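Trainee: got a predicted structure plus its sequence, pasted below:
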Amino acid sequence: MSEPLQKTYVWDPVVRVLHWALVIAFATSWGLGKFGPDIMTLHFYSGYTVATIVILRLLWGVLGYRTARFTQFVKGPRKIAAYARTLPSRNPSRSYGHNPVGALFVVGVLVVLSLQIASGLFADPEDYINTGPLAQYVSIDLARKALSLHEPLSTLLLLMVIGHIGAIFWYKKRKGENLVKPMITGYADLPPEAVKAASSKRA
(Lines give C-alpha, C1' and ligand atoms only; values in the text may rest on other atoms or scores of the structure.)
Protein backbone atom coordinates (compact mmCIF):
# COMPACT_ATOMS: atom_id res chain seq x y z
CA MET A 1 0.00 0.00 0.00
CA SER A 2 1.44 3.39 -0.99
CA GLU A 3 2.27 5.91 1.67
CA PRO A 4 -0.04 8.92 2.06
CA LEU A 5 0.91 12.10 0.29
CA GLN A 6 2.17 15.09 2.25
CA LYS A 7 1.15 18.67 1.63
CA THR A 8 4.49 20.29 0.74
CA TYR A 9 5.55 23.87 0.10
CA VAL A 10 6.94 24.00 -3.43
CA TRP A 11 6.46 27.37 -5.14
CA ASP A 12 7.35 30.61 -3.39
CA PRO A 13 5.28 33.82 -3.91
CA VAL A 14 7.85 35.41 -6.24
CA VAL A 15 7.73 32.48 -8.69
CA ARG A 16 3.93 32.39 -8.59
CA VAL A 17 3.47 36.13 -9.09
CA LEU A 18 6.02 36.25 -11.92
CA HIS A 19 4.41 33.22 -13.58
CA TRP A 20 0.91 34.69 -13.70
CA ALA A 21 2.20 38.17 -14.50
CA LEU A 22 4.04 36.71 -17.50
CA VAL A 23 0.87 34.94 -18.65
CA ILE A 24 -1.01 38.26 -18.67
CA ALA A 25 1.84 40.34 -20.11
CA PHE A 26 2.65 37.89 -22.91
CA ALA A 27 -1.02 37.52 -23.90
CA THR A 28 -1.34 41.31 -23.98
CA SER A 29 1.84 41.77 -26.02
CA TRP A 30 0.91 39.05 -28.49
CA GLY A 31 -2.61 40.40 -28.95
CA LEU A 32 -1.44 43.98 -29.43
CA GLY A 33 1.26 42.83 -31.85
CA LYS A 34 -1.21 40.88 -33.97
CA PHE A 35 -4.28 43.08 -33.87
CA GLY A 36 -2.99 46.61 -33.39
CA PRO A 37 -3.42 49.47 -33.07
CA ASP A 38 -1.03 50.43 -35.86
CA ILE A 39 0.84 52.83 -33.59
CA MET A 40 2.26 50.24 -31.22
CA THR A 41 2.97 52.28 -28.12
CA LEU A 42 0.93 49.92 -25.95
CA HIS A 43 2.70 46.94 -27.49
CA PHE A 44 6.04 48.46 -26.52
CA TYR A 45 4.87 49.04 -22.95
CA SER A 46 3.63 45.48 -22.61
CA GLY A 47 6.94 44.31 -24.09
CA TYR A 48 8.83 46.27 -21.47
CA THR A 49 6.68 44.55 -18.86
CA VAL A 50 7.59 41.14 -20.28
CA ALA A 51 11.26 42.14 -20.27
CA THR A 52 11.06 43.18 -16.62
CA ILE A 53 9.43 39.88 -15.66
CA VAL A 54 12.08 37.87 -17.54
CA ILE A 55 14.92 39.78 -15.88
CA LEU A 56 13.38 39.28 -12.43
CA ARG A 57 12.89 35.55 -13.12
CA LEU A 58 16.51 35.19 -14.22
CA LEU A 59 17.69 36.92 -11.04
CA TRP A 60 15.37 34.78 -8.93
CA GLY A 61 16.75 31.73 -10.68
CA VAL A 62 20.06 32.54 -9.04
CA LEU A 63 19.04 34.11 -5.73
CA GLY A 64 15.61 32.67 -5.02
CA TYR A 65 13.97 29.79 -3.19
CA ARG A 66 15.40 26.36 -3.91
CA THR A 67 12.75 25.27 -6.44
CA ALA A 68 13.28 28.51 -8.36
CA ARG A 69 17.04 28.10 -8.77
CA PHE A 70 18.42 26.91 -12.09
CA THR A 71 21.11 24.91 -10.30
CA GLN A 72 18.40 22.90 -8.55
CA PHE A 73 16.02 22.08 -11.39
CA VAL A 74 18.03 22.11 -14.65
CA LYS A 75 19.11 18.56 -15.47
CA GLY A 76 21.41 16.92 -18.00
CA PRO A 77 20.40 14.99 -21.14
CA ARG A 78 20.33 11.58 -19.45
CA LYS A 79 17.90 12.64 -16.74
CA ILE A 80 15.75 14.48 -19.26
CA ALA A 81 15.62 11.40 -21.51
CA ALA A 82 14.94 9.09 -18.57
CA TYR A 83 12.05 11.23 -17.38
CA ALA A 84 10.68 11.62 -20.92
CA ARG A 85 10.35 7.83 -21.13
CA THR A 86 7.94 7.93 -18.15
CA LEU A 87 5.58 10.45 -19.75
CA PRO A 88 3.23 7.90 -21.37
CA SER A 89 2.76 6.18 -17.99
CA ARG A 90 -0.36 6.82 -15.92
CA ASN A 91 1.76 7.04 -12.77
CA PRO A 92 1.91 10.59 -11.38
CA SER A 93 5.40 12.06 -11.36
CA ARG A 94 4.93 14.01 -8.08
CA SER A 95 8.04 16.07 -8.76
CA TYR A 96 9.33 18.49 -6.16
CA GLY A 97 9.34 21.56 -8.38
CA HIS A 98 10.02 21.30 -12.09
CA ASN A 99 10.48 17.84 -13.54
CA PRO A 100 13.44 17.50 -15.97
CA VAL A 101 11.32 17.98 -19.10
CA GLY A 102 9.44 20.89 -17.54
CA ALA A 103 12.76 22.45 -16.58
CA LEU A 104 13.93 22.19 -20.19
CA PHE A 105 10.76 23.97 -21.26
CA VAL A 106 11.29 26.76 -18.70
CA VAL A 107 14.82 27.39 -19.96
CA GLY A 108 13.63 27.27 -23.56
CA VAL A 109 10.87 29.81 -22.93
CA LEU A 110 13.25 32.18 -21.16
CA VAL A 111 15.74 31.95 -24.04
CA VAL A 112 13.11 32.54 -26.73
CA LEU A 113 11.51 35.36 -24.73
CA SER A 114 14.93 37.00 -24.37
CA LEU A 115 15.47 36.79 -28.13
CA GLN A 116 11.99 38.16 -28.75
CA ILE A 117 12.60 41.08 -26.40
CA ALA A 118 15.98 41.84 -28.00
CA SER A 119 14.53 41.70 -31.51
CA GLY A 120 11.82 44.18 -30.51
CA LEU A 121 14.26 46.57 -28.89
CA PHE A 122 16.47 46.71 -31.99
CA ALA A 123 13.82 46.41 -34.73
CA ASP A 124 13.34 49.26 -37.19
CA PRO A 125 10.48 49.07 -39.73
CA GLU A 126 11.59 52.48 -41.09
CA ASP A 127 8.17 53.99 -40.46
CA TYR A 128 9.62 56.52 -37.98
CA ILE A 129 6.91 55.49 -35.48
CA ASN A 130 7.25 51.87 -34.34
CA THR A 131 11.02 51.87 -34.08
CA GLY A 132 12.65 49.94 -31.25
CA PRO A 133 14.32 52.18 -28.64
CA LEU A 134 17.78 50.69 -29.30
CA ALA A 135 17.58 50.54 -33.09
CA GLN A 136 19.46 53.82 -33.44
CA TYR A 137 22.55 52.21 -31.92
CA VAL A 138 22.92 49.46 -34.55
CA SER A 139 23.22 49.32 -38.31
CA ILE A 140 20.09 49.32 -40.44
CA ASP A 141 20.94 45.79 -41.62
CA LEU A 142 20.98 44.52 -38.03
CA ALA A 143 17.78 46.43 -37.24
CA ARG A 144 16.08 44.81 -40.24
CA LYS A 145 17.27 41.37 -39.18
CA ALA A 146 15.83 41.99 -35.72
CA LEU A 147 12.53 42.98 -37.32
CA SER A 148 12.51 39.84 -39.48
CA LEU A 149 12.96 37.68 -36.36
CA HIS A 150 10.29 39.35 -34.24
CA GLU A 151 7.26 37.84 -35.99
CA PRO A 152 8.56 34.21 -36.24
CA LEU A 153 9.64 34.30 -32.60
CA SER A 154 6.16 35.40 -31.53
CA THR A 155 4.69 32.44 -33.42
CA LEU A 156 7.21 30.08 -31.80
CA LEU A 157 6.30 31.43 -28.36
CA LEU A 158 2.61 30.93 -29.09
CA LEU A 159 3.29 27.30 -30.06
CA MET A 160 5.27 26.83 -26.85
CA VAL A 161 2.38 28.24 -24.83
CA ILE A 162 -0.06 25.88 -26.57
CA GLY A 163 2.30 22.98 -25.84
CA HIS A 164 2.49 24.05 -22.20
CA ILE A 165 -1.30 24.14 -21.88
CA GLY A 166 -1.49 20.76 -23.60
CA ALA A 167 0.99 19.31 -21.08
CA ILE A 168 -1.14 20.61 -18.20
CA PHE A 169 -4.19 18.83 -19.61
CA TRP A 170 -2.11 15.69 -20.25
CA TYR A 171 -0.94 15.52 -16.65
CA LYS A 172 -4.47 16.10 -15.39
CA LYS A 173 -6.18 13.53 -17.60
CA ARG A 174 -3.43 10.92 -17.97
CA LYS A 175 -1.64 11.10 -14.64
CA GLY A 176 -4.26 12.67 -12.38
CA GLU A 177 -1.95 15.55 -11.40
CA ASN A 178 -3.15 19.10 -11.07
CA LEU A 179 -0.21 21.33 -12.05
CA VAL A 180 -2.17 24.57 -11.87
CA LYS A 181 -3.23 24.47 -8.21
CA PRO A 182 0.33 24.42 -6.78
CA MET A 183 1.19 27.45 -8.92
CA ILE A 184 -1.71 29.24 -7.21
CA THR A 185 -1.42 28.00 -3.62
CA GLY A 186 2.31 27.20 -3.50
CA TYR A 187 1.63 23.70 -2.14
CA ALA A 188 1.64 20.27 -3.78
CA ASP A 189 0.80 16.79 -2.50
CA LEU A 190 4.00 14.75 -2.64
CA PRO A 191 5.10 11.28 -1.51
CA PRO A 192 7.27 11.14 1.64
CA GLU A 193 10.38 10.11 -0.29
CA ALA A 194 10.17 13.23 -2.46
CA VAL A 195 9.71 15.39 0.62
CA LYS A 196 12.66 13.71 2.34
CA ALA A 197 14.89 14.15 -0.72
CA ALA A 198 13.95 17.82 -0.90
CA SER A 199 14.60 18.37 2.79
CA SER A 200 18.08 16.89 2.46
CA LYS A 201 19.04 19.71 0.07
CA ARG A 202 19.73 22.91 1.95
CA ALA A 203 18.35 26.11 0.48
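Mentor: That came in fine, so what should we check first?
Trainee: quick one: list the elements packing against the top helix by length along the chain.
Mentor: Taking DSSP state H as the criterion, the chain has its longest helix at helix 140-170. With contacts taken as 3 or more Cβ pairs under 8 Å, 6 or more residues apart in numbering; DSSP states H and E, helix 140-170 sits against helix 13-35, helix 100-122. (C-beta placed from N, C-alpha, C; glycine too.)
Trainee: what does stretch 56-69 rub up against?
Mentor: Stretch 56-69 is contacted from outside by 10-12, 14-15, 18, 22, 70, 72-73, 96-98, 110, 198, 201, 203, using Cβ atoms under 8 Å, 6 or more residues apart in numbering.
Trainee: going through those residues, which ones are buried?
Mentor: 10-11, 14-15, 18, 22, 70, 72-73, 96-98, 110, 198 (16 or more other Cβ atoms under 10 Å).
Trainee: okay, these in TSV with distance to Tyr83 and pLDDT next?
Mentor: Listed next are the buried ones among the contacts of stretch 56-69 as TSV, based on distance: Cβ to Cβ, whole Å; pLDDT from 0 to 100:
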residue	distance to Tyr83	pLDDT
Val10	17	95
Trp11	19	97
Val14	26	98
Val15	21	97
Leu18	24	98
Leu22	24	97
Phe70	17	96
Gln72	15	91
Phe73	12	93
Tyr96	13	92
Gly97	13	92
His98	10	94
Leu110	20	98
Ala198	17	63
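Trainee: buried stuff in the longest helix of the chain?
Mentor: Ala143, Arg144, Ala146, Leu147, Leu149, His150, Leu153, Ser154, Leu156, Leu157.
Trainee: wait, the third one sits on Ala123?
Mentor: Yes: using Cβ atoms under 8 Å, Ala146 and Ala123 qualify as a contacting pair, with a distance of 4.4 Å.
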